[in-house]
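Visitor: My questions concern the predicted model and sequence given below.
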2 protein chains.
Amino acid sequence: MPKPPPALPGMPVADIDTPALILDLDAFERNLARMAEAVRGTGVALRPHAKSHKCAEIARRQIALGAVGVCAQKVSEAEALVDDGVEDVLIANEVVGAAKLARLAALAKRARGSVCVENAAAVAPVLAAGHAGGIELEVLVEIDVGQHRCGIEPGEPAAALARVIGESPNLRFGGLQAYHGSAQHYRSVAERRAAIAAAAGMAHATKALIESRGIPCPKITGAGTGTFPFEIESGVYNEIQPGSYVFMDADYNRNQRDEGDSPRHPRFEQSLFVLTTVMSTPTADRAVVDAGLKAHSVDSGMPRVDGRTGIEFVKASDEHGVLAIERGVKGPVLGEKLKLIPGHCDPTVNLWEVIVCARAGVVEALWPVSARGAVW
Amino acid sequence: MPKPPPALPGMPVADIDTPALILDLDAFERNLARMAEAVRGTGVALRPHAKSHKCAEIARRQIALGAVGVCAQKVSEAEALVDDGVEDVLIANEVVGAAKLARLAALAKRARGSVCVENAAAVAPVLAAGHAGGIELEVLVEIDVGQHRCGIEPGEPAAALARVIGESPNLRFGGLQAYHGSAQHYRSVAERRAAIAAAAGMAHATKALIESRGIPCPKITGAGTGTFPFEIESGVYNEIQPGSYVFMDADYNRNQRDEGDSPRHPRFEQSLFVLTTVMSTPTADRAVVDAGLKAHSVDSGMPRVDGRTGIEFVKASDEHGVLAIERGVKGPVLGEKLKLIPGHCDPTVNLWEVIVCARAGVVEALWPVSARGAVW
């Protein structure tokens, strides 16, 4: 926890020292409820990705509302969450290297967990770690369903890898990791629907091939905030891994433009903001705020200024953000606090030690970002 | 300090768990020595900017080699450095808000320090904080010498503000903050030289105007790694604030292409790297590493792969980096460790709790990033 803290419970939001990462608890809780409703009765399990929030408090709330556990992306991230009371973590990623695999095996003794493999050469080290730890590890085969990042080719290559795992004494084949990451950010519903239809087809065919050889393939897991309704509808996926829906960001908000809003295809609200102070008003068309590259990640574009039309965040340097003010628009005044919608929530949250949680204008709690910086 | 630590002193670099932020101590020490040599005998003081490293150990080493103190960009950053033994900090930035100004006044009782002002409306709150703290605060006037971010107009507006400060009982006018941030990244030496000649002209004229009114203007400070030789040569600046030279990055390395190398215009070596492991080798033209957006900041472009021609880091997602391998080039193997040169060092360092320091292939020390996340 930073000293001095940027806020204390009971304090008005207007008094929070800036920049600070703030969470609108009402919007956040509605987002959690909407996702719980979207999976209810579908037979599809919800396993939210904790790489978005890295916060054990949020993971516990997701699980309390019906999630079966969470995903993590790194062993250290899973360690931090398990240390803080989370009991079921899928590492939805490959783990490479003897030191990390030993930590993975140690973790599997403390919590229910699984990990992905996408290469036959990687099986032996995982097996050795499980053996050394005296533990059976559950392993999913990651298949490339269109993102072209990690993942073995679906069909025969994946089926052959599943067999290697199934025949390994200290490993248990758990199914397929079939996440289409790039589809999350396709801008139209039609593009996202088509990408997931193709992904589901590949996953389905691979599962059929594996099972035709007498190897059960219980789980097909994947999906994110941008596509999960299509994975649910596919009839192929039986677990989804959305993460960003708890917060949303400027990038995901662009996705929602041509979407409806129904229980199965819910819209999510922006709940996460960077609170910032106007520190300079040099000209009528420019203001400078105290939140720069160390307050939000600009990899998916600049943040947006919440609730202020005609004021655009145009440039970020280390500790400053430059706002362009349209002609005729009244600019903010020196010392005024503004709410910024981060361009990309996941790497933005990772910059902060605490999330300042507020409701109706008052700070209610400070939640530690348990796995901040846990990237190894 | 993260648990488990990514490395321990005495360990071979090859055994560091990844991703990790690593520092080549030999290159780093040569960079510090080169900068000390560049200012020696010039009458210009060196006050390195600590926003680049946020590390008290590095600040103390800079001071041991002759620096008069350091710059910080935020009150919390200065607090963390002072807590860790640094005794002279210029906050080279405006501080807005009563809570922050009270902390600034408290800090000024523990260490020598100063702060910037660029607006007459901001003088009264600074004065009130100094008065409440029972302390005289040294204040510099920030002038806009071409960056068009913060800073009052040079000449008459700045001189009028200097007079307001000089006439305020709890404030001491210390001189001019005249930093040209954007010039640091102009690609040619000629452009950088011309920008600083113009900046120095504005600073000189403003100082002359202020002093013509009987107000001493002792300090003109500014400059960064990209331009400091020109500020030194100007005869106008008597203090420089370079930060990135200790580490360098892909962006600053692009600057050095048309530069010579002499004691007064030294070249700096890349000393900072993100060590990463190849976690997937799906095709001959692609590999995936375990360092993504949470391991390095991509605001100034992607990292570069050190010492490997024909292999380019082309895409970063949260926890992955995608490498493109040229046809005919042998790609890295699964599990191989590579060194990445960050695109931008300052926001990259801010992602990490510790800097793993190595010499001749062996880990020598772990330095905490004392002011990590200290952005408010």
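Guide: Everything's here; your move. Because the structure is a prediction, the values reported are computed rather than measured.

Visitor: Just the local confidence number for A:Val96, please.
Guide: Confidence at A:Val96, expressed as pLDDT, is 95.

Visitor: The one 10 residues further on now?
Guide: At A:Ala106, the pLDDT value in this model is 95.

Visitor: neighbours around the residue lying closest to it once chain neighbours are set aside, how many?
Guide: Leaving out its chain neighbours, the residue that sits closest to A:Ala106 by Cβ to Cβ, 6 or more residues apart in numbering or on different chains is A:Gly133, at 6.2 Å. All C-beta spots, glycine's among them, are computed from the backbone N, C-alpha and C. A:Gly133 has 19 neighbouring residues, counting by other Cβ atoms under 10 Å in any protein chain shown.

Visitor: got it, and A:Gln147?
Guide: Neighbour tally, A:Gln147, other Cβ under 10 Å: 18.

Visitor: List the contacts of it.
Guide: Contact analysis of A:Gln147 by Cβ atoms under 8 Å, 6 or more residues apart in numbering or on different chains lists A:Tyr179, A:His180, A:Gly181, A:Ser182, A:Ala183.

Visitor: show me what contacts the fourth one?
Guide: Pointing back at A:Ser182 there. A:Gly146, A:Gln147, A:His148, A:Ala195.

Visitor: Check for me that the last one belongs to a helix.
Guide: Read that as A:Ala195. Yes - according to DSSP: H, G, I helix; E, B strand; the rest coil, A:Ala195 belongs to a helix.

Visitor: A:Ser370 and chain B: what is the separation?
Guide: 12 Å (Cβ to the nearest Cβ, to the nearest Å).

Visitor: What's the separation between A:Val349 and B:Ser317?
Guide: Distance of A:Val349 to B:Ser317, given as Cβ to Cβ, to the nearest Å: 15 Å.

Visitor: now swap in A:Glu94 and tell me
Guide: A:Glu94 is 14 Å from B:Ser317, by Cβ to Cβ.

Visitor: When these two are compared, which one has more neighbours?
Guide: A:Glu94 (22 against 19).

Visitor: Wait, the more buried one touches A:Ala121, no?
Guide: No - if you go by Cβ atoms under 8 Å, A:Glu94 and A:Ala121 don't touch, sitting 11.2 Å apart.

Visitor: ok, which stretches of the stretch 251-376 of chain A are helices?
Guide: A:345-349 (DSSP state H, counting those that start in this stretch).

Visitor: Do a quick rundown of the strands in it.
Guide: A:272-283, A:286-289, A:304-305, A:311-316, A:321-325, A:337-341, A:354-359, A:362-368 (DSSP state E, counting those that start in this stretch).

Visitor: Tabulate the ones you listed (JSON lines), appending mean pLDDT, mean neighbour count and distance to chain B.
Guide: Converted to JSON lines, those look like this (pLDDT from 0 to 100; neighbours: other Cβ atoms under 10 Å in any protein chain shown; distance: least, Cβ to the nearest Cβ, whole Å):
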{"stretch": "strand A:272-283", "mean pLDDT": "96", "mean neighbour count": "23", "distance to chain B": "4"}
{"stretch": "strand A:286-289", "mean pLDDT": "97", "mean neighbour count": "24", "distance to chain B": "5"}
{"stretch": "strand A:304-305", "mean pLDDT": "98", "mean neighbour count": "20", "distance to chain B": "17"}
{"stretch": "strand A:311-316", "mean pLDDT": "98", "mean neighbour count": "19", "distance to chain B": "7"}
{"stretch": "strand A:321-325", "mean pLDDT": "98", "mean neighbour count": "22", "distance to chain B": "6"}
{"stretch": "strand A:337-341", "mean pLDDT": "98", "mean neighbour count": "22", "distance to chain B": "9"}
{"stretch": "strand A:354-359", "mean pLDDT": "98", "mean neighbour count": "22", "distance to chain B": "9"}
{"stretch": "strand A:362-368", "mean pLDDT": "97", "mean neighbour count": "17", "distance to chain B": "12"}
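
Visitor: Around chain B, pick out the residues from the stretch 51-200 of chain A.
Guide: A:51, A:73-74, A:76, A:79, A:93-94, A:96-97, A:99-100, A:103, A:118-119, A:121-122, A:144, A:148-152, A:181 (Cβ under 8 Å from any Cβ of the partner chain).

Visitor: Show me the shaky parts of chain A.
Guide: Flagging of chain A using pLDDT under 70 yields the residue ranges A:1-2.

Visitor: show me what contacts A:Val298?
Guide: Per Cβ under 8 Å, 6+ apart, neighbours of A:Val298: A:Ala316, A:Gly343, A:His344, B:Asp299.

Visitor: Many thanks, I have nothing further to ask.
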